[in-house]
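[1] can you look at this prediction? I've put the sequence above it.
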Amino acid sequence: MNHEEKVSAIVERLGDKNLVRIKEKTDEQLDYVLSSINKNILLKACPGSGKTEVVGLKGAYEIQKWNRKPSGIAILTFTNNATDVIKERVTQFIGNDKASYPHFIGTIDSWLHKYIAQPFGYLITKQNPINGDHSYRLVNDTESGNWLYSFQLKTRYYFLKKDGTLNSLPIFPNMLRFNILTNKWEIKNQLSETNEYIQMEDFYNSEAFTVFRKDKSWLTIDFIKKSFIGAKKSFYEKGFATYSDIEFICCLLLSHKNNCETISKRFPVILIDECQDLSYEQLEIFNNLNNHGTLIHLIGDLKQSIYEFKKVDPEQVENFITNKIFITKSLKDNFRSCQMIVDVCAKIVNGEKINGREKNILEPACIYFTYKKNGISSLVNEFEKYLLYKGIPVNKSVIITRSWKNVYRLRNINNDEKDKPQYQIAMAIYLWQKKERVSMEEAIRLLGKFISKKYFNDYSANSRQYYCPECVKSAINWRIFLANILNAIYKSEGSIKNQNQIWSNWSKTIKSELMTITKNCIAILNESVSLDVIKKIDLNECKFQAPKGEAANNVLNSLIISETTSIEVLITTIHSVKGQTFDAVLVVSSPSKVGTSDGHWSDWLENPKSEAARLAYVASSRPKYLLAWAIPEPNEEEIKKLESIGFKSFNN
């Protein structure tokens, strides 16, 4: 079929309302829309290829001709934002009414919960129903509220302090998980800032735990294993589960033929967007469904897999594709970036030739800045000046780096106190005034953590939903509640928003003003929280004191190291901008390799198959016109290496 015939075939099904829009599609895009849903297909989509638009058009095309009710098509992705965009695309082509039942468009998590774990999970976990309700209440693995102490293990998490003395922390069931790939139990590393888990055997043989179990012959590895299993069983029986538990439960359910056949008949076709982010457990779930009749379309780019900390390995996805003999189709036109940027990105991951379809308006389009290891914050001013010189809007540009630690360094924000409640509320108020999207989201997250701990500590909190307590039925209302508190702080005539005062004085203000503001805003939650819960919350109590040793220090100074520049450009992490587009991007390397395995620029160029390279690839494929890297004090050999892939010094 030629291009005109392909367009006609789609328009015949969807009508000519969107004729111009469909005509604009490339032959590669139209080929996928017209591809068979009776075969497993992989759509390899390079950055900027219009993947989401194509998924929306494909979904609309297949839903429009669907005649197999009550079965339906599931279109799955990983985030609520991505879900909203795909739903919007589908409904633009076929309308709202046809995009709903029996079909499903949503996140993988919500699909697993709605159709597998919630209706059938109790068959595995045997939980005690509450008023006939067998559903699970989700708990994040970072949760440590008071209510969890009734589930704590007799064994604690032992570690050695710097002075060599033995210390410990409680272990709760939400900190445990079973890895079906290794067939081993794992425990969350409570001393790590990342979402790191260690195997039960490594935990048992750690230096600190070895010291603790000395002369305790009864404390065997088998005893620990049984205690892990017992804790999880008790947790499940009360109706609690983590996100990892839900996937584990679904794997167990779908290991049974009858369960698999039931779900496969309900959803004989599944489209999975961002397939490179599938975990081993998720792959196992879809493998079982595929074995029992469900046809699967995977859409994504394995070179954009950057969630290793979530047990995501693109090689496992690749093995799944190979073993299931997927037919491969490709989108090789990048409509986001100019050719120079596209070529640099390809060299980072040793990728295939991609066509950059955006105009090249700058020469050079790929540059590098250098900075002294203790002068990372100076980059913000340098980059903004360069943008001004080149005529690139600052509000369409971004500075990105691997970790929040470096984000704080770039913003000149002191990161030392970030986990203390005093810091959380102070930083939330400070970031809200910046009026940057990412800063405001971080402000809501910090305030949510503070408020949930202070007033809702008897309930589990969902960190994915700004620490929304389980007793609050609407995460949207919870976010509005938090935003209203922050808005009220800045509209108030009180001094709570004035952080240019010492901690002891500001703490007194918090006690009086925050209590009043919270009481005034709580009505937003009335429809989402039962009256019994509201009655238990003592909004007349607001204990708050200055951080230890900080009473006489200035609040603002404890948050801000120095205000060297009026920051206008957005500063955030690589993970936060995945899927987004900007005119210009500055990718900032960590000052050194110490403490990071993928944040230093030398890691990005060491192995094209590593996650470090994929992180650099994702970051570097965001801009249209200008890609810049910032690297710490390179030597001549390192400069040659950087220039060999297409970068030039911004001074040249």
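    Sure, I can see it. Numbers count the residues shown, from 1 in each chain.
[2] show me the contacts for residue 311.
    Neighbouring residues of residue 311 by Cβ atoms under 8 Å, 6 or more residues apart in numbering: 179, 181, 279, 280, 281. For every residue, glycine as well, the C-beta is placed using N, CA and C.
[3] what's the nearest residue to the fourth one if we skip its chain neighbours?
    Spelled out, that is residue 280. Nearest in space to residue 280, with sequence neighbours left out and distances taken as Cβ to Cβ, 6 or more residues apart in numbering, is residue 181 at 4.6 Å.
[4] tell me the pLDDT at the one you found?
    On pLDDT, residue 181 comes in at 89.
[5] secondary structure class for it?
    Under DSSP: H, G, I helix; E, B strand; the rest coil, residue 181 falls in the coil class.
[6] shouldn't it be in contact with residue 283?
    No - using Cβ atoms under 8 Å, residue 181 is not in contact with residue 283; the gap is 9.6 Å.
[7] so those two - more neighbours on which side?
    More crowded of residue 181 and residue 283, by other Cβ atoms under 10 Å: residue 283, with 20 against 13.
[8] how close does the residue nearest to residue 280 sit to residue 150?
    In this view, residue 181 and residue 150 are 31 Å apart by Cβ to Cβ, to the nearest Å.
[9] same check on residue 86?
    41 Å.
[10] which one's more surrounded, those two?
    Neighbour count, other Cβ under 10 Å: between residue 86 and residue 150, residue 86 has more, with 23 against 9.
[11] quote the end-to-end distance of stretch 588-598.
    12 Å (Cα to Cα, to the nearest Å).
[12] no wait, stretch 613-626
    Using Cα to Cα, the two ends of stretch 613-626 sit 19 Å apart.
[13] and it, how far from the chain's centre?
    Its chain's C-alpha centre and that of stretch 613-626 lie 18 Å apart, by Cα atoms, centre = their mean, to the nearest Å.
[14] show me what the mean pLDDT comes to for that stretch.
    96.
[15] and if you look at stretch 319-328?
    Per-residue scores along stretch 319-328 average to 95.
[16] what does stretch 630-645 give?
    The pLDDT scores in stretch 630-645 average 92.
[17] low-confidence regions, this structure specifically.
    Scanning the chain for pLDDT under 70 picks out 193-195, 413-419, 434-438, 464, 531-532, 534-542, 560-567, 651-652.
[18] could you pick out the longest strand of it?
    strand 623-632 (DSSP state E).
[19] re the thing from before, got TSV for the contacts of residue 311, with distance to residue 60 too?
    Below are the contacts of residue 311 laid out as TSV (distance: Cβ to Cβ, whole Å):
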residue	distance to residue 60
179	38
181	36
279	29
280	32
281	30
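[20] residue 16: which of those is nearest?
    Here the nearest of the contacts of residue 311 to residue 16, counting by Cβ to Cβ, is residue 279; it sits at 41.8 Å.
[21] residues contacting that closest one?
    247, 310, 311, 312.
[22] so the last one touches residue 305, yeah?
    Pointing back at residue 312 there. Yes - the pair residue 312 / residue 305 is scored as a contact, 5.9 Å apart, by Cβ under 8 Å.
[23] report the residue ranges of every domain in this structure.
    Structural domains assigned to the chain are 3-107+254-331, 137-238, 339-411+565-649, 421-559, following automatic domain parsing.
[24] mind listing the helices in the stretch 451-600 of the chain by residue range?
    475-491, 503-509, 515-521, 531-536, 555-559 (DSSP state H, counting those that start in this stretch).
[25] can you list phi and psi of residue 183 for me?
    As for residue 183, its main-chain torsions (degrees, to the nearest 10) stand at phi 60, psi 40.
[26] distance-wise, check it relative to residue 148.
    Residue 183 is 27 Å from residue 148, by Cβ to Cβ.
[27] out of the contacts of residue 311, what pair is the most spread apart?
    Using Cβ to Cβ, the pair of the contacts of residue 311 lying farthest apart is 179 and 279, separated by 10.4 Å.
[28] how about the secondary structure of the closest residue to residue 621 other than its chain neighbours?
    Nearest non-adjacent residue to residue 621, counting by Cβ to Cβ, 6+ apart: residue 47, 3.8 Å away. Here residue 47 is recorded as coil under three-state DSSP.
[29] wouldn't residue 47 be in contact with residue 332 here?
    No - with contact defined as Cβ under 8 Å, residue 47 does not reach residue 332; the gap is 11.1 Å.
[30] okay, the domains of the chain in a markdown table with distance to residue 114 next?
    Below are the domains of the chain laid out as a markdown table (distance: least, Cβ to Cβ, whole Å):
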| stretch | distance to residue 114 |
| --- | --- |
| domain 3-107+254-331 | 8 |
| domain 137-238 | 13 |
| domain 339-411+565-649 | 24 |
| domain 421-559 | 16 |
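[31] what's the closest of those domains to residue 126?
    Closest among the domains of the chain, once you apply Cβ to Cβ, is domain 137-238, at 6.4 Å.
[32] what about the closest one, start to end distance?
    Terminal-residue distance, domain 137-238 (Cα to Cα): 9 Å.
[33] and stretch 165-173, which residues are buried?
    171, 172, 173 (16 or more other Cβ atoms under 10 Å).
[34] quick check: the second one touching residue 148?
    Yes - taking contacts as Cβ under 8 Å, residue 172 lies within contact range of residue 148: 4.5 Å.
[35] in the stretch 251-400 of the chain, which spans are helices?
    257-266, 280-291, 314-323, 339-349, 378-390.
[36] and among the ones you listed, the most buried is which?
    helix 339-349 (a mean of 22; mean count of other Cβ atoms under 10 Å).
[37] and that helix, what does it pack against?
    Here helix 339-349 touches strand 355-356, strand 366-371, helix 611-620, strand 623-632, going by 3 or more Cβ pairs under 8 Å, 6 or more residues apart in numbering; DSSP states H and E.
[38] need the residues that contact that helix.
    For helix 339-349, the external contacting residues (Cβ under 8 Å, 6+ apart) are 47, 303, 334, 337, 351-356, 360, 364-366, 604-605, 608-609, 613-614, 616-617, 620-621, 623-625, 627, 645-647.
[39] could you do stretch 628-644 as well?
    Residues from elsewhere that reach stretch 628-644 (Cβ under 8 Å, 6+ apart): 366-373, 376, 379, 383, 386, 584-592, 601-602, 605, 620, 647, 649-650.
[40] which residues of the stretch 51-200 of the chain fall in helices?
    Residue ranges of the helices in the stretch 51-200 of the chain, as given by DSSP H, counting those that start in this stretch, are 51-64, 80-94, 108-112, 118-120, 122-125, 200-204.
[41] so which of the ones you listed is the most packed in?
    Mean neighbour counts for the helices of the stretch 51-200 of the chain (mean count of other Cβ under 10 Å) peak at helix 51-64, with a mean of 23.
[42] now the angle from it to helix 80-94?
    Calculated by axes from the mean of the first three to the mean of the last three Cα atoms, to 10 degrees, helix 51-64 forms an angle of 50 degrees with helix 80-94.
[43] fine by me, thanks again.
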